[in-house]
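[1] no sequence for this one, just the structure:
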């Protein structure tokens with residue numbers, strides 16, 4: 001792992017999220033390769049640079065490409081679910097991370113498969129909608145080795161506890177992804193994190209476990225107090241796997257959708273203030289800070 005990337009230091013004066021301007025951006029099609037400057041300029045996304053001395057020593061947001069095999073009753077998914085919310089979510093979050101901390105952050109996010117030889121050069125990886133993925137037999141030992149040798153996984157945007165498989169929109173996404181993680185870690189299981197854990201307080205002091213619905217759900221339920229997307233997903237869960245030394249190596253953010261909070265920050269002012277500003281960005285920054293300093 002890149003040692004300097006793990007030496008994350010907060011700046012002395014972190015800007016308040018309340019002072020952020022709402023970025024006026026809309027969802028985009030995912031570029032065919034890694035995010036680059038041409039993509040950001042073309043899509044009117046944030047553009048920033050780092051001092052030349054930091055060009056190869058910055059934090060990079062790495063999104064994992066995965067397959068949907070139909071093993072859990074979903075069938076093959078031609079929409080390639082690994083790309084949901086990107087590139088806006090990846091770039092917006094990376095921009096806020098470098099804006100609100102002293103981290104030097106790579107504006108060129110990456111899309112890697114677990115089998116990519118470059119994987120072990122990056123200490124953090126992100127998987128979206130993992131309730132529908134299936135790891136290949138080749139990927140399972142690679143992910144285990146990555147996580148037990150200093151890597152960190154954040155899984156985000158999967159909902160539901162016990163709903164039947166195969167019913168569109170009501171799949172047992174938690175059960176499915178849990179089975180996949182047990183293939184990676186047959187010798188251990190997750191630990192449910194309670195609100196006293198440092199990951200909820202290390203940068204932003206969160207008073208409740210964040211639950212961020214996708215924008216359409218938030219708009220449909222505005223004023224009702226409903227922040228969940230499914231009836232079997234009312235409670236947000238943060239479940240962690242730990243390595244042999246007790247270091248957290250994976251956090252599964254279940255019954256919440258941070259990716260939408262990052263992607264859609266400029267599409268609805270009320271959504272920005274309620275979910276992006278107060279929950280999605282603070283929790284994401286907390287996770288990165290905790291992962292890079294432990």
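    Perfect, thanks for sending it. Keep in mind it's a predicted model, so treat the numbers as computed, not measured.
[2] quick one, helices of the chain?
    When assigned using DSSP state H, the helices of the chain occupy the ranges 3-6, 37-42, 88-100, 139-148, 173-184, 215-220, 258-263, 269-271, 281-293.
[3] the shortest one - contacts with which helices or strands?
    Spelled out, it's helix 269-271. Contacts defined by 3 or more Cβ pairs under 8 Å, 6 or more residues apart in numbering; DSSP states H and E place helix 269-271 against helix 215-220. Any C-beta I mention is one placed from the backbone N, CA and C, and that applies to glycine too.
[4] can you pull the contacts of residue 240?
    Residues near residue 240 by Cβ atoms under 8 Å, 6 or more residues apart in numbering: 190-191, 193, 248, 250-252.
[5] closest to residue 205 out of the helices of the chain?
    Among these, helix 281-293 comes nearest to residue 205, with 9.0 Å by Cβ to Cβ.
[6] quick one: low-confidence parts of this protein?
    By pLDDT under 70, the weakly predicted segments of the chain are 1-34, 36-43, 72-79, 162-171.
[7] in the stretch 1-150 of the chain, which spans are strands?
    Listed in chain order, the strands found in the stretch 1-150 of the chain under DSSP state E, counting those that start in this stretch are 62-65, 110-113, 124-128.
[8] mean neighbour count and distance to residue 47 for the ones you listed - can I get that in a markdown table?
    Formatted as a markdown table, the strands of the stretch 1-150 of the chain follow (neighbours: other Cβ atoms under 10 Å; distance: least, Cβ to Cβ, whole Å):
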| stretch | mean neighbour count | distance to residue 47 |
| --- | --- | --- |
| strand 62-65 | 21 | 19 |
| strand 110-113 | 18 | 17 |
| strand 124-128 | 23 | 21 |
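[9] make a markdown table out of the ones you listed and add distance to residue 93.
    Listed next are the strands of the stretch 1-150 of the chain as a markdown table, based on distance: least, Cβ to Cβ, whole Å:
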| stretch | distance to residue 93 |
| --- | --- |
| strand 62-65 | 11 |
| strand 110-113 | 14 |
| strand 124-128 | 9 |
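[10] out of the ones you listed, nearest to residue 286?
    Each of these was scored for nearness to residue 286 using Cβ to Cβ, and the closest is strand 124-128 (13.2 Å).
[11] how distant is the closest one from the center of its chain?
    Computed by Cα atoms, centre = their mean, to the nearest Å, the separation of strand 124-128 from the middle of its chain amounts to 5 Å.
[12] circling back: any of the contacts of residue 240 buried? List them.
    When neighbours are counted using 16 or more other Cβ atoms under 10 Å, the contacts of residue 240 contain these buried positions: 190, 193, 248, 250-252.
[13] which of those residues lies closest to residue 148?
    Comparing every one of the buried ones among the contacts of residue 240 with residue 148 (Cβ to Cβ), the shortest separation belongs to residue 250, at 10.5 Å.
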